[in-house]
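Asks: Take this sequence and fold it.
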Amino acid sequence: MKQFIALLFTALLSPLIVATPGEARIDIDISSAELRKVPVAVPYFIESRTGETSRPGIEMAEIIAGALEFHGFISVIPPQSYGGGRQEDWLAAGADFTVVGSYAEIDDKVTMEIRLLDNSIGRMILGRRYRGEAGKNRIMLLKFADEIIKTMTGEAGVSLTKISFVAEKNGVKEIYLTDIFGDELRRVTKHHKIAVSPRFTPDGRFLSYTSYHSGNPNLYLTELAQDKTTTPISRREGLNMAPAWTPDGEAMAITLSSGGSPDLFLIGRDGEMIRQLTRNAGINVSPSWSPDGRKLAFVSDRSGTPQIYVMDIKNNSVRRLTYLGNYNSTPAWSPKGDQIAYSGYYENRYHIFLIPAEGGRPTRLTRTLGDHESPSWSPDGRQLAFSRTLDDDRKICAIYRNGSGFRVLFDWEGNESMPQWSPRPDY
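Replies: Just a heads-up that it's a prediction; the model follows:
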């Protein structure tokens, strides 16, 4: 696999053509509630040697189309409306942009060429040629989808990211990992007990979590490139829970209760204590770092009810952030640092809210029935994953930052909770 990735992304360094950023950039506010979706055509890919379309070419187009629509501001024109093939006048078909692709499979290798056409100017603005093992083309297609998003908006997409979560079946909770489309599901833990609170390291290579399999809620770390070795980080008596990794990945804020009431501590990647962050101020849990690592959002009941606070790490000064409602929890700092998402109890239900990081009036995002909890940002800051419980059925859902596009991401047997969105991979 590593050899394939190396081969593939060596090919990525030899593009057919690179768009000038200003040429294709769409001047839109993706967070706007009045967003007009950009119509894009993705006709079926053709086989290079024959010029014909077969099932693999249809599936390639479907993968890119699904990835583009996942980002929320693109509407893919159904290929059935124009026969699925290439044509001369894409503007007449209603497409502002068109993705055209061809492929060839020879001796267990696949070569793929994909282009993005700007139909308003009548020419290609982005092109890539990929080469790799046959049957391993999905990563190429998703990579190109993310480059389309970058060409249009200035920031790459999230098609290659993962989501980790807790799945409960028959009273056992284990950690799972999936791609954002739910097509590649993997079980990470096999303790056959209770494992909760998955957290990615900033480079996305490792996953930390808390497991009760030894009788105490201890903190562990596993490298995602393998599925055999798990390293204990903190096995202190009491809670070792829900670490928030510093942006550099060298330390983490974690809830420990070995001294009695749960408090926040800063520990190193090796589990060694650095310093205590909160002391004798109620229960303190659910830390989340600002992107610059200077501040820490967390939940405390020091005022009598669970509320969100922000700590300045340099001097440990603390200010209260939330005042609306009497139960606010699970803060998640946005990748751009401007907003904090959280779950708040409102009108007898838990909903996802956004509040400016400096304080202010919160905005309610979710409007559907059920309880919405544990928000986690996509790395581009455009959408949030969270769990929703409705009629005792708990599923992982997502919503765009502007409050639109609510959907259930995965619909598997059992209950899923505590989603965590991974960083973008570095390839």
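Asks: CA atoms for contacts and neighbours, from now on please.
Replies: Noted.
Asks: Tally up the residues packed near the residue nearest to F45 when sequence neighbours are not counted, please.
Replies: Leaving aside its chain neighbours, F45 sits nearest to G57 (4.3 Å; criterion: Cα to Cα, 6 or more residues apart in numbering). G57 has 18 neighbours, counted by other Cα atoms under 10 Å.
Asks: Next: the one 5 residues further on.
Replies: If you count neighbours by other Cα under 10 Å, E62 ends up with 19.
Asks: Show me where this protein has its helices.
Replies: Secondary structure of the chain by DSSP state H: the helices cover 2-11, 21-24, 55-70, 138-153.
Asks: Low-confidence regions, the stretch 251-400 of the chain specifically.
Replies: Residue ranges of the stretch 251-400 of the chain with pLDDT under 70: none are present.
Asks: where along it do the strands fall?
Replies: Per DSSP state E, counting those that start in this stretch, the stretch 251-400 of the chain carries strands over the ranges 251-256, 263-268, 273-276, 284-289, 295-300, 307-312, 317-320, 328-333, 339-346, 349-356, 363-364, 371-377, 383-390, 393-400.
Asks: Just put these in a markdown table and tack on mean neighbour count and distance to T178.
Replies: Formatted as a markdown table, the strands of the stretch 251-400 of the chain follow (neighbours: other Cα atoms under 10 Å; distance: least, Cα to Cα, whole Å):
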| stretch | mean neighbour count | distance to T178 |
| --- | --- | --- |
| strand 251-256 | 26 | 24 |
| strand 263-268 | 22 | 28 |
| strand 273-276 | 13 | 33 |
| strand 284-289 | 26 | 23 |
| strand 295-300 | 24 | 27 |
| strand 307-312 | 22 | 30 |
| strand 317-320 | 14 | 35 |
| strand 328-333 | 26 | 20 |
| strand 339-346 | 24 | 23 |
| strand 349-356 | 22 | 23 |
| strand 363-364 | 16 | 28 |
| strand 371-377 | 26 | 15 |
| strand 383-390 | 23 | 13 |
| strand 393-400 | 22 | 11 |
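Asks: which residues does R115 contact?
Replies: Listed by Cα atoms under 8 Å, 6 or more residues apart in numbering, the contact set of R115 reads 99-101, 124-128.
Asks: Check what pLDDT it gets.
Replies: pLDDT recorded at R115 is 98.
Asks: that older thread, ranking the helices of the chain by mean pLDDT, which is last?
Replies: If you rank these by mean pLDDT, helix 2-11 sits at the bottom with a mean of 37.
Asks: picking that back up, could the contacts of R115 go into TSV alongside pLDDT and distance to F410?
Replies: Below are these laid out as TSV (pLDDT from 0 to 100; distance: Cα to Cα, whole Å):
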residue	pLDDT	distance to F410
V99	98	27
V100	97	29
G101	97	29
M124	97	35
I125	97	34
L126	97	32
G127	97	32
R128	97	31
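Asks: The residue nearest to F45 is in contact with S48, isn't it?
Replies: No - counting by Cα atoms under 8 Å, G57 stays clear of S48, with 10.4 Å between them.
Asks: Domains in this structure, by residue range?
Replies: The chain breaks down by automatic domain parsing into domains covering 2-153, 162-421.
Asks: looking at the ones you listed, which is buried most?
Replies: domain 162-421 (a mean of 19; mean count of other Cα atoms under 10 Å).
Asks: now do the same end-to-end measure for that one.
Replies: Using Cα to Cα, to the nearest Å, the end-to-end distance of domain 162-421 comes out at 6 Å.
Asks: Common neighbours of G57 and S48, please.
Replies: With Cα under 8 Å, 6+ apart as the test, G57 and S48 both reach 102-103.
Asks: if I look at G66, how far off is E59?
Replies: Plainly put, G66 is 10 Å away from E59 if you go by Cα to Cα.
Asks: quick one: T389 and L409, what's the gap?
Replies: In terms of Cα to Cα, T389 sits 14 Å off from L409.
Asks: How about L117?
Replies: From L117 to L409 the distance is 30 Å (Cα to Cα).
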